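Colleague: for reference, the sequence and a predicted model appear below.
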Amino acid sequence: MVTADNSTFAEDIAPDVLVLSRPDGFADVVLASAVLEPARKALPRAKIFLLIREKYAGIFCNHPALDGLIFLDEAAGLRALAKKLKAVRADALAHLAYSEFVADAAKLAKIRNVSAFEDDADADRDGGVTLEVIPSERHRETHEAFFNFEVLAPFGVPEADKPRLDVSPDPAEKPSAVAKLAQYGIAGTDYAVFNLDCNPQGHYVDPAVFSRAAEWLRDHAPMPIVVVGEKNDEATPRFLRFCRTTHGTPILDLRGQTTPAEAAWLLGGARLCLSGENACAYLAAAMHCPLVALFVDFSSGRWFPLGHLTTNIFTGAHRFFLEPTSFYNRRASRAFSDEKMASALQFALALRDAAGRGDPAAGTPPR
């Protein structure tokens, strides 16, 4: 076993080909991007591959820290994934998020060194995990981004003091992102991106909060609002309530109409982003878009977006015992201060103006 607090990097397990496995959701995949550049610097001679679901491939197009992507497809079967791992000659794999399917494929591919947290290793029924990482003592309080570094410690990848989200959206998807704006008469970068979706825990910010933000923008910096995110029976009522209570501001509904890479380019060109949902917030931070992130829950330390262009607003509301989620969401949303919101929006606009406005049709996001 090794510890995340004080692991010793052994030269005999220095990987020639390291696979970083992140087979879960969009937010977690973007968050895991913070380890890519540190891993490349720590292992300059190794080949590094990222194992993700194919729908997220567009945000890692020709990433300078990666030698390629491996796609997870359970429907294709275990042997198909093992064949992919063998094809790249992988001799090491880090479970940034443990998957029994990936663990079985790694064992089938006879990968020599496989790291995972101790609890995940205990659940590994086939014994494919060879490097059990004991979580650090701060594991329950630290930001989720640091978990990925702990699993990589056995391979000599040091923890970054200030993890930086790092994506590279596919340039081929920039024109379609711009076209989606142009068909509604939006040109350039004078627009805001809102995401009204709930977070993975089912918490969401009430649409009235977004409407108050839109009202402030209408009075101080008029611009269209582009709404991205999910388009389903659960999310649509919130969007319609937002539209009904937002007056005098053009609203463009792009929910369910953008690929991850298109969403990245839209965020890269926007004046600001307002989101209560993790994936959009992380992607905005990765694309250097001034971000106001809203949190109805009190768990401040583990999920906030990373980056110096981010302002996080927490309500400090606690959920009552047996309180229905919908009741809690509405009650907590009422705790958002108009003063804090106005200050955060003003700061986000100032950040964009200071940095210069980016353009989603340009070659790079604003820096």
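Modeller: Perfect, I can see it now. In this text the structure is predicted, and so the values were computed from the model without any measurement.
Colleague: tell me the strands in the protein, going along the chain?
Modeller: Counting by DSSP state E, the chain has strands at residues 2-3, 17-21, 47-52, 68-71, 92-95, 113-117, 131-134, 192-195, 225-228, 251-253, 272-275, 291-295, 310-314.
Colleague: show me the beta-bridge partners of the closest residue to residue 227 other than its chain neighbours.
Modeller: Nearest residue to residue 227, sequence neighbours excluded (C-beta to C-beta, 6 or more residues apart in numbering): residue 194, at 5.1 Å. In this view, the C-beta of every residue, glycine as well, is placed from N, C-alpha and C. Beta-bridge pairing for residue 194 (DSSP bridges): residue 227, residue 274.
Colleague: is it true that residue 194 touches residue 210?
Modeller: Yes: contact criterion C-beta atoms under 8 Å: residue 194 and residue 210 qualify, at 5.7 Å.
Colleague: shared neighbours of the two, which are they?
Modeller: Residues touching both residue 194 and residue 210 (C-beta atoms under 8 Å, 6 or more residues apart in numbering) are 242, 274.
Colleague: the strands of the chain into JSON lines, with extra columns for distance to residue 61, mean neighbour count and mean pLDDT?
Modeller: What follows is the strands of the chain, written out as JSON lines (distance: least, C-beta to C-beta, whole Å; neighbours: other C-beta atoms under 10 Å; pLDDT from 0 to 100):
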{"stretch": "strand 2-3", "distance to residue 61": "34", "mean neighbour count": "18", "mean pLDDT": "52"}
{"stretch": "strand 17-21", "distance to residue 61": "17", "mean neighbour count": "25", "mean pLDDT": "98"}
{"stretch": "strand 47-52", "distance to residue 61": "12", "mean neighbour count": "22", "mean pLDDT": "98"}
{"stretch": "strand 68-71", "distance to residue 61": "9", "mean neighbour count": "16", "mean pLDDT": "98"}
{"stretch": "strand 92-95", "distance to residue 61": "22", "mean neighbour count": "28", "mean pLDDT": "96"}
{"stretch": "strand 113-117", "distance to residue 61": "27", "mean neighbour count": "24", "mean pLDDT": "94"}
{"stretch": "strand 131-134", "distance to residue 61": "30", "mean neighbour count": "21", "mean pLDDT": "89"}
{"stretch": "strand 192-195", "distance to residue 61": "21", "mean neighbour count": "26", "mean pLDDT": "97"}
{"stretch": "strand 225-228", "distance to residue 61": "19", "mean neighbour count": "24", "mean pLDDT": "97"}
{"stretch": "strand 251-253", "distance to residue 61": "25", "mean neighbour count": "17", "mean pLDDT": "95"}
{"stretch": "strand 272-275", "distance to residue 61": "21", "mean neighbour count": "28", "mean pLDDT": "96"}
{"stretch": "strand 291-295", "distance to residue 61": "22", "mean neighbour count": "26", "mean pLDDT": "89"}
{"stretch": "strand 310-314", "distance to residue 61": "24", "mean neighbour count": "19", "mean pLDDT": "84"}
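Colleague: any stretches of this structure with poor pLDDT?
Modeller: Applying pLDDT under 70 to the chain flags residues 1-12, 126, 138-141, 297-304, 355-367.
Colleague: and if we set it to 80?
Modeller: Judged by pLDDT under 80, the chain has its weakly predicted residues at 1-13, 121-127, 136-144, 187-189, 200-203, 296-307, 314-317, 353-367.
Colleague: where is the longest helix in it?
Modeller: helix 338-355 (DSSP state H).
Colleague: measure the residue nearest to residue 227 to residue 236 for me?
Modeller: 15 Å (C-beta to C-beta, to the nearest Å).
Colleague: isn't residue 158 up against residue 38?
Modeller: Yes: counting by C-beta under 8 Å, residue 158 touches residue 38, with 6.7 Å between them.
Colleague: wait, what's in contact with residue 331?
Modeller: Per C-beta under 8 Å, 6+ apart, neighbours of residue 331: 317, 323.
Colleague: before we move on, what about residue 191?
Modeller: 181, 223-226, 252, 269-271.
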